[in-house]
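can't give you the sequence, but here's the structure:
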């Protein structure tokens, strides 16, 4: 992210979750990288069901079934295919929606003379 105004920050956890949950395959957003905590441009590749990480007290998780599976989102973060998989409980802390292009250009609050782009594009490496 070049500037925080490129992404939507919802301070209400329920509203943020609903917005993130509305993402469809191939929608773009920003995902927090685990390596440095910065947000990177990402595209939602798919949603998957995965068996949750079991603890000693989770005796009912021994056999996979639809009842004990958790939803995850898989994001692609570069042209080389690097992926980030996030469990539902991580969505609010790690996913930020991009500012909608329908809202048009907006002024940078730190610099009233600077107009931010209304489209954020991803161009993969040509490797």
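Sure, I can see it. The model shown is predicted, which means the values in this text are computed figures rather than measured ones.

Which helix in this protein has the most residues?
Longest helix in the chain by number of residues (criterion: DSSP state H): helix 13-21.

what sits up against that one?
The contact list for helix 13-21, computed with Cβ atoms under 8 Å, 6 or more residues apart in numbering, reads 8, 10, 29, 91, 92, 95, 97. Where you see a C-beta, it was placed from the backbone N, CA and C, and this is true even at glycine.

if you look at those residues, which of them are in helices?
Taking DSSP H as the definition of helices, the contacts of helix 13-21 contribute 91, 92.

Residue 33 - how many residues pack around it?
15 (other Cβ atoms under 10 Å).

what sits against it?
39, 40, 77, 84 are the contacts of residue 33 under Cβ under 8 Å, 6+ apart.

and the first one, bridged to which residues?
Under the criterion DSSP bridges, residue 39 forms beta bridges with residue 32.

how much space is there between it and residue 97?
Counting by Cβ to Cβ, to the nearest Å, the gap from residue 39 to residue 97 is 11 Å.

ok so, going back, which one of the contacts of residue 33 is nearest residue 49?
residue 84 (17.3 Å; Cβ to Cβ).

Could you measure from residue 8 over to residue 97?
The gap separating residue 8 from residue 97 is 5 Å, by Cβ to Cβ.

ok, those two, which is more surrounded?
Neighbour count, other Cβ under 10 Å: between residue 8 and residue 97, residue 97 has more, with 18 against 15.
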